[in-house]
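*Asks:* Okay, predicted coordinates and the sequence, questions at the end:
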Amino acid sequence: MLKTIAALSLVAFTVSACETTMQSVGLGAAVGAVGASAVGGNVATGAVLGAGVGYVCDQTNGC
């Protein structure tokens with residue numbers, strides 16, 4: 001669980017610099033995949049979660 005929280009936090013901080021929704025989603029997916037790979041998780045799941053975090057972050061201006 002701690003690894004998941006750390007990976008999602010990394011995605012949120014990285015996505016905050018994006019200007020468009022697609023940039024946020026794409027960068028979130030990339031960071032999520034790399035983060036999942038780094039901690040030994042499923043890369044596809046990391047990409048999907050990262051893309052979701054990127055989208056929510058962009059839409060809510062939460063980042």
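*Replies:* On my side now, so go ahead.

*Asks:* in what helix or strand does the residue nearest the centre of the chain lie?
*Replies:* Geometric centre of the chain, nearest residue: G50, 2.8 Å, by CA atoms, centre = their mean. Using DSSP states H and E, G50 sits within helix 43-60.

*Asks:* could you point out where this structure is predicted with low confidence?
*Replies:* 1-2, 4, 7-8, 10-17, 62-63 (pLDDT under 70).

*Asks:* switch the cut-off to 90
*Replies:* Residues of the chain meeting the criterion pLDDT under 90: 1-28, 30-32, 34-41, 50, 53-54, 56-63.

*Asks:* The helix or strand hosting G35: which residues count as buried?
*Replies:* Using DSSP H and E, G35 maps to helix 21-38. Buried residues in helix 21-38, defined by neighbour count with 16 or more other CB atoms under 10 Å: 24-36. C-beta: built from backbone N, CA, C; applies to glycine.

*Asks:* what's the answer for stretch 39-51, then?
*Replies:* 41, 46-51.

*Asks:* can you redo these as a markdown table with distance to E19?
*Replies:* Converted to a markdown table, those look like this (distance: CB to CB, whole Å):
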| residue | distance to E19 |
| --- | --- |
| G41 | 29 |
| G46 | 23 |
| A47 | 21 |
| V48 | 23 |
| L49 | 22 |
| G50 | 18 |
| A51 | 17 |
